[in-house]
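Enquirer: Pasting the sequence and the predicted coordinates here, then a few questions.
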Amino acid sequence: MPISGLVVTLAPPGPDAEQAIAWMHDDARFSLGEPEPVAPRRLPITLDTDDCAEDKRLWEQMQNHPGIAFVDVACVFFEEEDEETPGNMEVRQLPTPETTPHARSRPW
């Protein structure tokens, strides 16, 4: 059961943006937050779907909606089907970036 925290950038004000807001508002899988005061076209939302296939279909609908210009992902959580069995999870160490005299940032 994927749960995603997203920030939707709406199309410029007009019918497309209004339809996108109405679509998300009427769909129980979306929980809409308040638009950012500084950037009112950016709308925080939570997306809660039953499975990964439904999540993917809804993502495709969001990306193709004319009232949605862009979707930023803040976080995605997947519930385990069986809390006692973690499933086929693989834990990998991320590579440590090399630091050079020209590097703009350093590794943690």
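Expert: Okay, I see it.

Enquirer: Buried residues in the lengthiest strand in the chain, which are they?
Expert: Ranked by residue count under DSSP state E, the longest strand found in the chain is strand 68-78. Buried residues in strand 68-78, counted by 16 or more other C-beta atoms under 10 Å: 68-69, 71. Just so you know, the C-beta spots here come from the backbone N, C-alpha and C atoms, and that holds for glycine as well.

Enquirer: of the residues you listed, closest to Ala20?
Expert: Ile68 (5.1 Å; C-beta to C-beta).

Enquirer: if I look at that closest one, how far off is Met1?
Expert: Counting by C-beta to C-beta, to the nearest Å, the gap from Ile68 to Met1 is 23 Å.

Enquirer: follow-up on the earlier one: list the strands paired with the longest strand of the chain, with their directions.
Expert: strand 2-10 (antiparallel) (DSSP bridges).

Enquirer: Need the worst-confidence member of the buried residues of strand 68-78.
Expert: Comparing pLDDT over those, the lowest score belongs to Val71 (90).

Enquirer: For that residue, list the residues it contacts.
Expert: Contact analysis of Val71 by C-beta atoms under 8 Å, 6 or more residues apart in numbering lists 6-9, 59, 62-63.

Enquirer: Tell me the buried residues within those residues.
Expert: Taking 16+ other C-beta under 10 Å as the criterion, what is buried in these is 6-8, 59, 62.

Enquirer: Report the lowest-confidence entry in those.
Expert: Ranking the buried ones among the contacts of Val71 by pLDDT puts Trp59 at the bottom, with 84.

Enquirer: What helix or strand is it located in?
Expert: For Trp59, the element it lies in under DSSP states H and E is helix 52-64.

Enquirer: what do you get for Ile45?
Expert: Here Ile45 is assigned to strand 42-48, by DSSP H and E.
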